[in-house]
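**Q** Build me a structure from this.
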Amino acid sequence: MAEPHRARSLGIPFSGEPGPLNTITDVQGVEVGHKTLIFGEGSLERGVGPIRTGVTIIHPRGKASIEGVFGGWFTLNASGEMTGTTWLEERGVIDGPIGITNTHSVGTVRDTFVSWMVDQGWPAPWHAPVVAETYDGALNDINGQHVEPTHVLSALQTAAAGPVREGSVGGGTGMLCNGFKGGIGTASRVVSAAGRLFTVGVLVQCNYNWEGKSLRLGDQWVSKKLPVGEHCYADDTIAPKNPWFPFCSGAELIKDSPARDGSIIVVIATDAPVLPHQLKRVAKRPALSLGRLGAISSPGSGDIFVAFSTGNTGALSEDQFNRVEQFPNNALSELFRGTVQATEEAIINSMVAAETVVGADGLRVQGLPHNLVRDLFSK
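**A** Predicted structure coming up:
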């Protein structure tokens, strides 16, 4: 029997009703694309490798559309980057795709977006796209800046609706999450408001809580029940450039700095006709999902969230008066609840899908042990 690749298959309990695919693409029109870069092994050499990185793209209305979406954003802890947020804060609109990559490749992704948007005919004389990052420098030659414009274009052009690959793919290729290998995860919820049904979809790039402290899954505190944070260097003949973890063999290793805290990016999509001031409120809710999983949003973590609505199609012209539909404020609790539920499941999905990876300097990061998790929730 094949190993399961999503959290529900392990018996982890979740609340709420998921959409048909339980992905962000359950929101009609949303497309997701990845470009994954994996090359080399052994000692870290800047500009050479090992390479464990990539880029993930989200098209809010699909790659064929040149219409923006209403948006809002929130930062829980700001040790990270998301470009375009000052213009988003001022204007309440996101133009073009949303990108997620590693910390030192944000500029490449952002500049490629600008060129692509010009070529596609996006109706503005200048562009400030939204691109976010998390740090993959434990497993990847991050200073080598291996994400190139051709990689970004590939992700832009191959993005599609339907099932979304999770785990060590795209921007999540080199990420750690809650004491295990992490990366990209997604989930969705169907909610009811004022007699109508709407979908909330979430995609995360999960790279926080590298040590797995205080981890909670479902209804259990599991950080003392699972082998969290057991990252180690598999080859004790290599002197690691970033000696944050021990050698797997137990050979002596002098650590000159503590391990990083990591970060998480959360992208929330909904087809509900939510306006920018309401989306900013929605964008705060992933903070509650992190808390449910045991996180405290540590000082070195970049926990940044963005939300958009595919509603009000055709009503975002900035050159004429528009008539828009506004979601009822008193029903926002349903969107809040769906966002919290979907974010929590998306994070765990990223961990379940990510397999063990060996990267720079022979660092081995273990995937979540499916059998142990299944045992915890079968009793």
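
**Q** my read: E31 touches I58, true?
**A** Yes. Counting by Cβ atoms under 8 Å, E31 sits close enough to I58 to count as a contact (7.4 Å). (Glycine included, C-beta is placed from N, CA and C.)

**Q** Need the residues touching each of those two.
**A** For the pair E31 and I58, residues contacting each of them under the criterion Cβ atoms under 8 Å, 6 or more residues apart in numbering are A159.

**Q** Tell me how many other residues surround Y135.
**A** Summarising burial for Y135: neighbours were counted as other Cβ atoms under 10 Å, giving 24.

**Q** Numbering from 800 from now on, please.
**A** Will do, 800 is the new start, and the previous item becomes Y934.

**Q** Ramachandran coordinates for it?
**A** The phi and psi values for Y934, taken as degrees, to the nearest 10, are phi -90, psi 120.

**Q** hang on, isn't it packed against G1061?
**A** Yes. Checked against Cβ under 8 Å, the pair Y934 and G1061 is within contact range at 6.7 Å.

**Q** Quick check: neighbours shared by those two?
**A** Shared contacts of Y934 and G1061, counting by Cβ under 8 Å, 6+ apart, come down to N1006.

**Q** Show me where the stretch 850-999 of the chain has its strands.
**A** Along the stretch 850-999 of the chain, the stretches classed as strands by DSSP state E, counting those that start in this stretch are 850-858, 868-877, 892-893, 897-901, 929-933, 975-976, 979-980, 982-992, 995-1007.

**Q** What is the longest helix of the protein by residue count?
**A** Longest helix in the chain by number of residues, with DSSP state H as the criterion: helix 1131-1152.

**Q** Alpha carbons only: can I get that one in CSV?
**A** Once side chains and other backbone atoms are set aside, the C-alpha atoms of helix 1131-1152 remain, and they are given as CSV (Å, rounded to 0.1, in the frame of the first residue of the first chain):
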residue,chain,number,x,y,z
LEU,A,1131,-17.1,37.5,8.2
SER,A,1132,-16.8,35.0,11.0
GLU,A,1133,-17.5,32.3,8.5
LEU,A,1134,-14.6,33.4,6.3
PHE,A,1135,-12.4,33.8,9.4
ARG,A,1136,-13.2,30.2,10.5
GLY,A,1137,-12.6,28.8,7.1
THR,A,1138,-9.3,30.6,6.8
VAL,A,1139,-8.1,29.3,10.2
GLN,A,1140,-9.1,25.7,9.4
ALA,A,1141,-7.7,25.7,5.9
THR,A,1142,-4.4,27.3,7.0
GLU,A,1143,-3.9,24.7,9.7
GLU,A,1144,-4.5,21.8,7.4
ALA,A,1145,-2.3,23.4,4.6
ILE,A,1146,0.6,23.6,7.0
ILE,A,1147,0.3,19.9,8.0
ASN,A,1148,-0.2,18.9,4.4
SER,A,1149,3.1,20.5,3.6
MET,A,1150,4.8,18.4,6.2
VAL,A,1151,3.1,15.1,5.2
ALA,A,1152,4.0,15.5,1.6
